[in-house]
Each structure stands twice: as structure tokens, then as C-alpha cells.
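[1] Below are the sequence and a predicted model; questions follow.
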Amino acid sequence: MTIYRSINTQEFLAAKLRTGRAGSNTATDHIEVLTDAIAQVPATHRRDLLIRSDGAGASHDLLDWLTEQGQIRGRSLEYSIGFAITEKIRDAIKLVPKKVWTCAADADGGVREGGDVAELTGLLNLEKWPAGMRVIVRRERPHPGAQLSLFEEADGWRYQAFVTNTTTGQLAFLEARHRVEFFPDVHRILEHLAERYILGVITNGNAEVARLGLADYFRFAISAEQMGIGKPDPKPFHSALQRAGVEAPQAAHIGDHPGDDIAGAKAAGLRAIWFNPQGKDWQGEAAPDAQIRRLAELPALLAGWTAGR
């Protein structure tokens, strides 16, 4: 079965059933289902698309088709497609210097312990693949009992690769985006909050709401790349206050990093909410004004503050 669903709403957009004796999905199957899936997306949202797929979608024909779709006037289409670890990929991995590997990120933006990412694009002959295609690989220490290839057993790492045509963003963000699954009810909660508050984003580069399909909930997004400086410097926070048209005591910032988010927000005069899904002990300096473990806790917390409780 070939299935595509919306990252935004988690709704199934299109699917194709195969008979019991049918072989693997072909590029034609993927293109057919993707065509139907895109047609289900409201016209106003087809201008900015992100297509994700596992390695079953990594064919020349599909990637050529996706590239052509991105060239349609008025449309921006980015893809993030799983890629097989072939002999050529393994040879390229061997050529990556140790200093080139950078820390991978978790879905919440924190450091993924025991994980690294690197780009292989310049180490491969990609002439037959679409122009602008990048190859990125993640390595992780395998858990006990994991089934590994001979290459991975000898190397001591487990590898996964994907390809993308996205030209900007940190490698850790691009790799996390390829794996990302939103927290439960994220769209319902953001919709609820957007109806009651002015929502904005301040990012140091590992979260781009437009590419995650969340931009409609936020009035603005401020990045370290745009500002020339990132959190915990107060300038991004002051810019956010200006964009929102509010004073610091009226605003709250939520984030998971004790320094960049909590210390930075409090230094700029905002209330700071620590997003702590793993229930870690606080080890920062300036304590947060509140902490939550689930996004679903946020509406009640903000409502209490608004009511003066």
C-alpha cells in the first residue's frame, strides 16, 4: 500500500491498495498517489509543500517528478526522501573527517545523545540525479541486540541517509525534520492559542515553522540568521515584542533550553516557561516562571496568568 498523509492535520490524503501478489511500489505508484494527495490540499496551501517519504520513494523518476513540480509557477516544493545505504554511500561515509560530524537534534530541538549528522553531497557523483539534490546521513550508536550490516558492525555505528532539495537550515534541523512527528494535538492546541494570543517564533535555526506546515498559527518568525544574532541575546526577544506590539511583562516565551530560552527570556523581561517533556531536573541559573511536560498544559497555564491567578 502506498499512503500519503498531511503533516499539518495528520489526515490521510490518498492511498493505493495493491493485490497480495503485487510487487513493491513503483515510482508510478508514488507519483499517482502524490498527484491525488496534492489535489486534496486546499489551493491556498499548495504554494508551499514539503513531501516526506521513506526509502521506498528514492527513485530517479519520483525525484525528477518532484523537481518538476517545484518548478511550477507560484509553487515551492521541498522534499525529504529516505535513501539507501549503498556501497557508494558507505565509501563516502569513510571519507568524512571526524570534525565534520555535528550533533544530531531531537524533535524538540535538543541534542540527540549519541547521534551525529554529516553531508555527503560533495563526496558523491550525483550527475544522474536532479540538480540541487543533497545527501545527508545520520549515525547513531546502536542499541544492544540491534541487527546491523557488516559495515555497521565493523564501524560501530548505525547509519540512515536521506536526500533533500532544501538549500538552507542546519543539517541537524533538516535531519530532525525528516524524522519529525508532532506532539499529540499540536495543531488543535496551536489553533486554540492563536485564537486568543499573538503567537510568534524566535529560533536559532533548528525550527522553521513554514517548512513544518505550522506557519498559519504564527504572526511572525524571527531567526538568528535574519537578526545576525540569536538567543540568549535580548535583541531577538525585543524584536519579537515590537512585532507583537506588547510590553515584556505581557509576554511569555516557551522553550526547552535553560540558557537560550529561559535565561534569555528572563533577561529581556519576559516570563519564561520551560518545556521539559522528559521531566529533567532544573540545572540552569535563573529558574523558569513555570514548566510544562506536555504542550496540552500550556493553554491552562496562560489562561491562569491572564486571569491574574
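    Received the coordinates, thanks. Predicted model only: the values in this text are computed from it and were never measured. Numbers count the residues shown, from 1 in each chain.

[2] rest of the way, CA atoms for contacts and neighbours
    Noted.

[3] just the strands in the stretch 1-150 of the chain please.
    2-5, 12-16, 48-53, 76-83, 102-105, 111-119, 134-140 (DSSP state E, counting those that start in this stretch).

[4] Go through the helix ranked longest in the chain and flag the buried ones.
    Assignment by DSSP state H gives helix 27-40 as the longest helix of the chain. Going by neighbour count (16 or more other CA atoms under 10 Å), the buried part of helix 27-40 is Ala27, Asp29, His30, Ile31, Val33, Leu34, Ala37, Ile38.

[5] Centre of the chain to that helix, how far?
    23 Å (CA atoms, centre = their mean, to the nearest Å).

[6] Let me know the secondary structure of Ala263.
    helix (DSSP: H, G, I helix; E, B strand; the rest coil).

[7] Distance check, it against Glu113.
    Ala263 sits 23 Å away from Glu113, going by CA to CA, to the nearest Å.

[8] How about Ser239?
    32 Å.

[9] Over to Arg196?
    Counting by CA to CA - Arg196 and Glu113 are separated by 37 Å.

[10] How about Gly74?
    Taken as CA to CA, the span from Gly74 to Glu113 is 40 Å.

[11] What of Ile189?
    Ile189 is 29 Å from Glu113, by CA to CA.

[12] excluding its backbone neighbours, what's nearest Glu191?
    Once flanking residues are discounted, Glu191 sits nearest to Tyr217: 6.4 Å by CA to CA, 6 or more residues apart in numbering.

[13] give the contact list for the one you found.
    Counting by CA atoms under 8 Å, 6 or more residues apart in numbering, Tyr217 makes contact with Leu190, Glu191, Ala194, Leu199.

[14] List phi and psi for it.
    Phi and psi for Tyr217, reported as degrees, to the nearest 10, are phi -80, psi -10.

[15] just to confirm, which helix or strand has the spatially most central residue of the chain in it?
    For the chain, the residue nearest the mean C-alpha position is Arg177 (2.6 Å; CA atoms, centre = their mean). Assigning secondary structure by DSSP states H and E places Arg177 in helix 171-179.

[16] for that helix, packing partners?
    strand 102-105, strand 111-119, strand 134-140 (3 or more CA pairs under 8 Å, 6 or more residues apart in numbering; DSSP states H and E).

[17] same thing but 7 Å
    strand 102-105 (3 or more CA pairs under 7 Å, 6 or more residues apart in numbering; DSSP states H and E).

[18] Could you list the buried residues of the strand it packs on?
    Thr102, Cys103, Ala104, Ala105.

[19] Tell me the buried residues in stretch 175-191?
    Neighbour count says stretch 175-191 has Glu175, Ala176, Arg177, His178, Arg179, Val186, His187, Leu190 buried, by 16+ other CA under 10 Å.

[20] gap between the first one and Pro232?
    Translated: Glu175. 24 Å.

[21] again, but for the last one
    For Leu190, the distance to Pro232 equals 24 Å [CA to CA].

[22] Over to the second one?
    In this structure, Ala176 and Pro232 are separated by 22 Å, where distance is defined by CA to CA.

[23] ok so, going back, between Gly74 and Glu113, tell me which one has more neighbours.
    Each of Gly74 and Glu113 has its neighbours counted (other CA atoms under 10 Å); Glu113 has more, 12 against 9.

[24] Can you tell me how far the more buried one is from Pro234?
    Separation of Glu113 from Pro234 (CA to CA): 29 Å.

[25] Please apply the same query to Gly74.
    Separation of Gly74 from Pro234 (CA to CA) stands at 36 Å.
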